[in-house]
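1. pasting a predicted model and its sequence here:
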Amino acid sequence: MYETLVKALRSLPSDAKEAIVNHSFIAPVFLKALGFKPEECFPQYPTGKGADAVDYALRHNTDDDIFLHTKSHPYILLELKGRDKDLSEGSASYTSTVKQLKGYLLAPNCKTVQWGIITNSDYIQLFKKHGKVIYPASLCLKITPDNVGAIVEDIKQKIENISRALTVAIYNNKGGVGKTTTTVNLAAVLTLHGRKTLIVDFDPNQQDLTNSLGIKPAKESLYSCLEDKNNRVNLNDLINPYIFKFKNLNKEFKFDIITADDKLFEEREDKLYQIFKLHRFRQVLNNFKNKYDYILIDSCPNWRFFSQSAIYACDVVLIPAKHNNIFSLKNAAVAIRKFIPEIQRIRKDGSPIALPIFFNGEKITEAQRITAHYGIDSIIEQARKDRDNKFDLLPYFYPRFTNATKDRYIFDLPSYAHIANTAFERIPAAYKYKIAYDYYINLAKEYFLQ
Amino acid sequence: MSNLSDIGNLMLLYINEIKPNEGTNTPKFLITATAKTLSSLGGRNWVPLIVKEIGEDRYEVIGNSFIYAVAEEAGLEKVWCIIADSSEETAKLTKVLSREETPKINLSTATRDEIKDALQYLIEKPNSVLKSVKLLVATNRIDEAPRQYWQNFEPITKLKCGITKGKKINALKEVFYLIPQPMPDVIKDPTILNTLPTAELKKMAKKRSKVGYSKKKKNDLVELLSQ
Ligand SMILES: Nc1ncnc2c1ncn2[C@@H]1O[C@H](COP(=O)(O)OP(=O)(O)OP(=O)(O)O)[C@@H](O)[C@H]1O
Ligand SMILES: [Mg+2]
C-alpha cells in the first residue's frame, strides 16, 4: 500500500531542495498517503499574520465545503523544508522550523487547526495544538524507506482520532506554591468560559483539593479503577460533580472531580510500584479524553509514584513558583530538565512538555523582581554549562527572551487575600470574587484559551 | 521610480537646507553631551536624519529629529540624511520607527495579549498616572467588555478597574484608538446587555415590544432581551 511512498522516497536526491521534495514526494504521494485528496490541500496557505504563508493547510471536504475553494477551518498545517536543511532534533534549523510552525499554528486564520507537521523527507515530527498550547505528538523521526509506511500510518491514525481534552498536570515538587489553588480556580474559570473540565485530586496524602471543595468521595474509588482492567468498574461512578449557582444570574456552572482516594493513601508507596505500572493512570484518564476539554491533575510535591504517574498521564505541565523562594525555582528547573525528560524517554512521543513557569501568590517589588532575575539567570547558566546534562532552560523561564529584546517577562498571578480565605468556604475564589476571576481568567488566557 | 529620484538614497546635505519640522523635546543635557561626543569621535552622524524633499534644495525632517538638534549643536555644516518619499504614511511610519511617536493599537479589535502588553507599558512608565491600576484586572475587564461598539473610552470608567475619568482615561489615548462597529439593532448577547444601563435596557424592551418590562430588575431585563 505504501509502495509509491517508498519509491518516491528512494528516488529523491540526497540533497533535494524544498521544491524538489515537494514536487516529487510531498505533493504527489505523501499528502495522499495521509488521506488527503488534491482538493483538500491548500498550498501556500495565508495564515493571516502579515504576509505569512505556510506550505500546506489540509482539511477534509464536506459535501458543500471544498477546502481548496472556501479555505475555511484548516485542520492540519505542514511546514516543508528541503533536505539541505538538517531537521534532526536539536539542530539549528530544527529549532527555527519548530518556531516557525508554532507561529503559523497560532496565527489568526489557523484557530481551528489541531495538528502541525514539519518535514524535509529525511525527518518528520507531528505536533498537537490545543487552544494556545502546542506540544509534540511524536518524536522527531528519521524517515527511511523501511519505516516510511509505518510513520505515515501512525500519523494518520493520530490525526483521524479526535482527542478533545488537553491534560495538564499542575506540578512543582516544592510544597505550598499554589498547585491546588491553581487547579481549582483554573477549572472554575475554564468552566465559566464554556470548557468542560475534569479535575483530579492526585495528592491522596493531603486531599486538599477534595477538602477545599467540600466534596465527599465518589461511589467508586480511583484505586479500583487503576486495578480494574476488565471494565468491571463503571467509570462514571468515579466522577463527582461540583455545581455552583450564580443566584443573581440564575445560572449554574458545573465541573467534575475525581476525588482523592483513601485506599491509595493507605497503600505503601513501594507497594504501589508493584501493583501499578506508571502508565496505568494515563490509561484510566484516556477514557475521559473525549468527554472533556480540559483535564487538570493536582499533583503532590515530591517525585514519587503519584507525581510520576501524573506527569506520565499529562500532555503539558504547568509549574507555579514563587519569586522569593529560590527552592521553588530550583525545583522547577529540576522538574524541567530531569523529571519530565525521564518520562519523555519512556513515553517516546516527545511529551509531556513543561509550559513556562509562572509566579504565584506574592507581591513583587521592582527590587525583588531583579533579585529573582539574578537567581533565575544563574539557574539557566548552570544548566547550560552542565557537562552531564546540558539543557536550555531559557524558554521555560523567560518565554519572550530573544537576543534583541532580553525580555525577562514571567507571568505573575498576584496575591489576593480572598484566594486564600475561600479554601475554607468550599467555593473557588474565582466564583466568589470578581478580582480572583480576573486573575485566573488571565492565567487561562495566557496559557490555554485562544 | 526613475533612477533620477533620490528616494532611498543616503546623502550629505547642507543643514541650512533642512527644515527641522516639530523638532525634539530631548533634554538639553543629552543634546549638548551627544554633540560633544559626536565632535570628539569623528564628527560624522552615522545614524542618519530622515528627510523628505519639499522643493529644490529644500528638505524637511520626518524622523530622527534628535540627530538634527545634535548636528545643529555640534555646528555641523552638512549632515547625512536618508531621503524618504513625501507620503503621509511614510512620515507617520518614520516617526513610529524612530520612536518619536508611540504606535497605537485598535482597541475595538485588539487581542487580550495586545491589551495586556499595552496596559503594562502604560502602567510601568515612569511617573505613570496609572501606577495604581491592577494590570490583570484592567486587562480582563477591558478585554471582556463589548469594546467593539465603544464610541469613546468613557465606558472603561464604569468597569471599576481603577481607570477613572480625567487624567487616567486620557493616558490610554497614548496607545489605543477605536474604530467601532455600529451597534446592532437587536442585541441578544447577555454579556453585552449586562454592560448597558437599566434605562437603556428598558428602552430596548419597549422598542422590541416586550411585555411587563417596566418593573423588572436588570438581571431579568437581560434575560428578557436575550430571548
Ligand atoms: N494567588 C494567591 N493569593 C493568596 N493566597 C494564595 C494564592 N495562591 C495560593 N494561595 C494560598 O497559598 C497556600 C498554599 O496554596 P496551595 O495549597 O494551593 O499550594 P500547593 O502547592 O497545592 O501546596 P502542597 O504542596 O502542600 O500541595 C494556601 O493557603 C492558598 O490558599
Ligand atoms: Mg496541594
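-> On my side now, so go ahead. Numbering: from 1, shown residues only, chains lettered A, B, ... in the order given. Ligands and ions are numbered 1, 2, ... in the order given.
2. would you mind naming what in the stretch 151-300 of chain A lies close to chain B?
-> For the stretch 151-300 of chain A, the contact set with chain B under Cβ under 8 Å from any Cβ of the partner chain comprises A:248, A:249, A:250. C-betas here are computed from N, CA, C, even on glycine.
3. list the contacts for the residue nearest to residue A:130 when sequence neighbours are not counted?
-> Among residues not flanking residue A:130 along the chain, residue A:166 sits closest, at 4.1 Å (Cβ to Cβ, 6 or more residues apart in numbering or on different chains). Residues in contact with residue A:166, defined by Cβ atoms under 8 Å, 6 or more residues apart in numbering or on different chains, are A:130, A:131, A:133, A:293, A:294, A:295, A:315, A:316, A:448.
4. per-residue confidence at residue B:3?
-> According to the model's per-residue confidence, residue B:3 sits at a pLDDT of 68.
5. whoops, I mixed them up, residue A:2
-> At residue A:2 the predicted local distance difference test score is 85.
6. give me the distance between the residue nearest to residue A:56 when sequence neighbours are not counted and residue B:192.
-> Of all residues beyond its chain neighbours, the one nearest residue A:56 is residue A:78 (4.2 Å), with distances taken as Cβ to Cβ, 6+ apart. When distances are taken as Cβ to Cβ, to the nearest Å, residue A:78 and residue B:192 turn out to be 39 Å apart.
7. more neighbours, the two?
-> The neighbour comparison of residue A:78 against residue B:192 (other Cβ atoms under 10 Å in any protein chain shown) goes to residue A:78, with 25 against 18.
8. alpha carbons only: can I get the helix or strand where that one lies in CSV?
-> For residue A:78, the element it lies in under DSSP states H and E is strand A:76-80. As requested, the backbone C-alpha atoms of strand A:76-80 are provided in CSV (Å, rounded to 0.1, in the frame of the first residue of the first chain):
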residue,chain,number,x,y,z
ILE,A,76,-3.5,20.5,9.7
LEU,A,77,-0.6,22.7,8.8
LEU,A,78,2.5,21.3,7.1
GLU,A,79,5.8,23.2,7.0
LEU,A,80,8.2,21.8,4.5
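9. contacts for the very next helix or strand once past it?
-> The C-terminal neighbour of strand A:76-80 among helices and strands, as given by DSSP H and E, is helix A:92-105. Taking contacts as Cβ under 8 Å, 6+ apart, the residues outside helix A:92-105 that touch it are A:47, A:49, A:52, A:54, A:77, A:79, A:81, A:85-88, A:110, A:113, A:116, A:118, A:123, A:125, A:127, A:129, A:134, A:140.
10. stretch A:410-424 too?
-> The set of residues that contact stretch A:410-424 without belonging to it, under Cβ under 8 Å, 6+ apart, is A:178, A:181-182, A:185, A:208, A:212, A:320, A:323, A:356-364, A:397-398, A:428-429, A:432-433, A:435-436, A:439-440, A:442-443, A:446-447, B:134, B:136.
11. sort out for me which of those residues are in strands.
-> A:320, A:358, A:359, A:360 (DSSP state E).
12. check the first one and give its pLDDT.
-> The pLDDT attached to residue A:320 in the predicted structure is 98.
13. how close does it sit to chain B?
-> According to Cβ to the nearest Cβ, to the nearest Å, residue A:320 stands 15 Å off from chain B.
14. same check on the third one?
-> For residue A:359, the distance to chain B under the criterion Cβ to the nearest Cβ works out to 12 Å.
15. what's the closest non-adjacent residue to the residue of the stretch 51-200 of chain A found nearest ligand 2?
-> Taking Cβ to the ion as the measure, the stretch 51-200 of chain A has residue A:180 as its residue closest to ligand 2, at 3.3 Å. For residue A:180, the nearest residue in space outside its immediate sequence neighbours is residue A:208; the separation is 4.4 Å by Cβ to Cβ, 6+ apart.
16. what about that neighbour, neighbour count?
-> By other Cβ under 10 Å, neighbour count at residue A:208 equals 19.
17. what's near enough to touch it?
-> For residue A:208, the residues meeting the contact criterion (Cβ under 8 Å, 6+ apart) are A:180, A:201, A:298, A:423.
18. ok, and of those, which contact ligand 1?
-> If you filter the contacts of residue A:208 for contact with ligand 1, counting by Cβ under 6 Å from any ligand atom, you are left with A:180, A:423.
19. before we move on, what's the pLDDT of the residue nearest to residue A:130?
-> The predicted local distance difference test score for residue A:166 is 98.
20. for it, give its distance to residue A:132.
-> Note on residue A:166: its distance to residue A:132, by Cβ to Cβ, is 10 Å.
21. regarding chain A, what is its longest helix?
-> When chain A is parsed with DSSP state H, its longest helix is helix A:366-385.
22. contacts for it, please.
-> In contact with helix A:366-385 (Cβ under 8 Å, 6+ apart) are residues A:323-324, A:326, A:329-330, A:333, A:337, A:359, A:364, A:389-394, A:397-398, A:408.
23. off-centre distance for the helix-or-strand element of chain B with minimal mean pLDDT?
-> Using mean pLDDT, DSSP states H and E, the weakest-scoring helix or strand in chain B turns out to be helix B:190-193, at a mean of 81. Put simply, helix B:190-193 sits 28 Å off its chain's centre (Cα atoms, centre = their mean, to the nearest Å).
24. over to stretch B:24-32?
-> Counting by Cα atoms, centre = their mean, stretch B:24-32 comes out at 24 Å from the chain centroid.
25. and it, what's buried?
-> For stretch B:24-32, a neighbour-count test (16 or more other Cβ atoms under 10 Å in any protein chain shown) marks B:24, B:31 as buried.
26. got the end-to-end distance for it?
-> Stretch B:24-32 has its terminal residues 13 Å apart, counting by Cα to Cα, to the nearest Å.
27. which stretches in the stretch 151-300 of chain A count as strands?
-> Secondary structure of the stretch 151-300 of chain A (DSSP state E, counting those that start in this stretch): strands located at A:166-170, A:197-202, A:239-246, A:251-258, A:294-299.
28. just chain B next, same as before
-> For chain B, strands defined by DSSP E occupy the ranges B:10-14, B:18-19, B:49-55, B:58-63, B:78-84, B:105-106, B:176-177.
29. summarise which helices and strands the second one is packed against.
-> Read it as strand B:18-19. strand B:49-55, strand B:58-63 (3 or more Cβ pairs under 8 Å, 6 or more residues apart in numbering or on different chains; DSSP states H and E).
30. tell me how far the first one lies from the chain's centre.
-> If you compare the mean C-alpha spot of strand B:49-55 with that of the full chain, they lie 24 Å apart, counting by Cα atoms, centre = their mean.
31. same thing with stretch A:399-411?
-> Its chain's C-alpha centre and that of stretch A:399-411 lie 21 Å apart, by Cα atoms, centre = their mean.
32. okay, how far is it across that stretch, tip to tip?
-> Separation of the first and last residues of stretch A:399-411 by Cα to Cα is 10 Å.
33. how about it: buried residues?
-> Residues of stretch A:399-411 classed as buried under the neighbour-count rule (16+ other Cβ under 10 Å) are A:410, A:411.
34. right, is it up against ligand 1?
-> No: applying Cβ under 6 Å from any ligand atom, one finds that stretch A:399-411 is not in contact with ligand 1, the shortest distance being 12.3 Å.
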